[in-house]
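1. When you get a sec, could you give me coordinates for this:
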Amino acid sequence: MSAVMADSTQLPVIDCAYPAHTREWSKRPFSTWTVSDIARLRRLIRSDRFDLCVDLQGSIRSATIGKLAGAGQFAGPAEPREMPARWLYGRRLQTKAVHVIEQACEWIGDAVGEFISPVPIDFPIDEDAEKKCKTILNGLMAEKQGYALIAPTAGWGAKQWPAERFGAVASKLGKLGIPSLVNASAPGDLTARRVVETSEGYAAMARADIPLLIELTRRASVVIAGDTGPLHLAAALRRPVVALFGPTDPARNGPYGTMARVLRHGGARRDHRRLAEPEAGLLEITVDEVADAAIELLKGPQLRRTGQVR
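-> Just a heads-up that it's a prediction; the model follows:
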């Protein structure tokens, strides 16, 4: 993780990451392996003897893991996303901000007694990932005319726009001379494969780990995604984004600090339940709306100078 997150001086912003295998835990909550793995995580976090732990997620899961750290002080939002989480905090933090990034700055600032504001982060270049990226883009023949990066999957089904519609968007952009690269979130990603199959030959699939995804995103002319990790990575890299929102509120969770077109219909309702089917309001977003938003961003000053889209 420290190799991924760095500031403009290339110093790590994150010194250490502690993987928590929460999905595996939920699949077999009473297994010996789960109990052992939770105990391992507890020992690992506590070995660093933290003075302060701040929960920025406000979920029962994040609060429980934060409590495991055994820090001298455990703080979290006074009004967390999942209200039972607040009972685990030794200190409850207030915020007036709406967006989660600004909220996090207020919470951390309150916890440490300093004013903290959001700042851009420069991601270091991974040489191996850069080489892989160039090979992929040479195959896509996208280095000169630019390309769209499509991230079609999401954390749960309600946030996931249909794969066939992403494929239709890729087709429309391809006919304008802009090929698409589809991020596969896992080996054998059926959603990414379906996007490629319905793109009329204008999209290719790439299975990328985080360093490679950073390099592919860094070079993309536009990124098209729902409320998911690759969207926010693109925003952090300051790439133009088309963001498709349904059950989550873009005022709170939208792309931050970059040129963006956020699409969300009035019929969408805020709902953080992990439902499998796409939210009704998300389905109101049409292929033409997404394609037009992408084209609008592609015609922005940066790309217009290169003549990539007429």
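2. hey, let's count contacts and neighbours off CA atoms from now on
-> Will do.
3. which residue ranges form the strands in this protein?
-> Per DSSP state E, the chain carries strands over the ranges 52-54, 73-77, 91-93, 148-151, 180-184, 203-207, 222-226, 241-244, 260-263.
4. In the stretch 51-200 of the chain, where is pLDDT below threshold?
-> By pLDDT under 70, the weakly predicted segments of the stretch 51-200 of the chain are 141-144.
5. Name all residues that make contact with residue 197.
-> By Cα atoms under 8 Å, 6 or more residues apart in numbering, the contact set of residue 197 is residue 167.
6. distance of it from residue 173?
-> Between residue 197 and residue 173 the distance is 15 Å, computed by Cα to Cα, to the nearest Å.
7. Give me the distance from stretch 16-34 to the chain's centre.
-> In terms of Cα atoms, centre = their mean, to the nearest Å, the centre of stretch 16-34 is found 22 Å from the chain centre.
8. Tell me how far residue 86 lies from residue 100.
-> Counting by Cα to Cα - residue 86 and residue 100 are separated by 17 Å.
9. between the two, who's got more neighbours?
-> Applying other Cα atoms under 10 Å to residue 86 and residue 100 shows that residue 86 carries more neighbours, namely 23 against 16.
10. What are the phi and psi values at residue 162?
-> Per-residue torsions, residue 162: phi -60, psi 140 (degrees, to the nearest 10).
11. What count of nearby residues applies to it?
-> 18.
12. ok, for residue 243, nearest residue in space, not its chain neighbours?
-> residue 262 (4.7 Å; Cα to Cα, 6 or more residues apart in numbering).
13. Pretty sure that neighbour sits against residue 246.
-> No: using Cα atoms under 8 Å, residue 262 is not in contact with residue 246; the gap is 10.6 Å.
14. out of the two, which sits in the busier spot?
-> Higher neighbour count among residue 262 and residue 246: residue 246, with 29 against 18, using other Cα under 10 Å.
15. Now do the contacts for the more buried one.
-> By Cα under 8 Å, 6+ apart, the contact list for residue 246 reads 158-159, 264-265, 268-270, 279-282.
16. Counting neighbours, which of these comes out on top?
-> Neighbour tally across the contacts of residue 246 (other Cα under 10 Å): the maximum, 29 neighbours, falls on residue 159.
17. Just give me the neighbour total for the nearest residue to residue 20 once chain neighbours are set aside.
-> Counting by Cα to Cα, 6+ apart, residue 41 is the residue found nearest to residue 20 once chain neighbours are left out, at 7.1 Å. For residue 41, the tally of surrounding residues (other Cα under 10 Å) stands at 18.
18. The one 5 residues further on now?
-> The number of residues packed around residue 46, counting by other Cα under 10 Å, is 13.
19. Leaving out sequence neighbours, find the closest residue to it.
-> Computed as Cα to Cα, 6+ apart, the closest residue to residue 46 that is not its neighbour in sequence is residue 69, at 5.2 Å.
20. who's in contact with that neighbour?
-> Counting by Cα under 8 Å, 6+ apart, residue 69 touches 42, 45-46, 50, 53.
21. With residue 159 instead?
-> 226-227, 245-248, 278-279, 282.
22. just the residues you listed now: which is nearest residue 187?
-> residue 226 (20.1 Å; Cα to Cα).
23. one step back: for residue 61, see how far away the residue nearest to residue 20 is.
-> Between residue 41 and residue 61 the distance is 14 Å, computed by Cα to Cα.
24. cool, residue 161 as well?
-> To residue 61, residue 161 is 26 Å away according to Cα to Cα.
25. And the two? Which one has more around it.
-> residue 161 (25 against 13).
26. The more buried one touches residue 284, doesn't it?
-> No: counting by Cα under 8 Å, residue 161 sits too far from residue 284 to count as a contact (9.8 Å).
27. TSV for the strands of the chain, including distance to residue 216?
-> Shown next, in TSV, are the strands of the chain (distance: least, Cα to Cα, whole Å):
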stretch	distance to residue 216
strand 52-54	32
strand 73-77	35
strand 91-93	37
strand 148-151	8
strand 180-184	9
strand 203-207	9
strand 222-226	10
strand 241-244	14
strand 260-263	18
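28. Which of those sits closest to residue 299?
-> Closest of those to residue 299 is strand 222-226, at 10.5 Å (criterion: Cα to Cα).
29. Enumerate the positions of that closest one that are buried.
-> Buried residues in strand 222-226, defined by neighbour count with 16 or more other Cα atoms under 10 Å: 222-226.
30. Could you pull up the mean pLDDT of that strand?
-> Taken as a whole, strand 222-226 carries a mean pLDDT of 96.
31. which residues touch that strand?
-> 147-154, 159-161, 217, 231, 234, 239-245, 294, 297-298.
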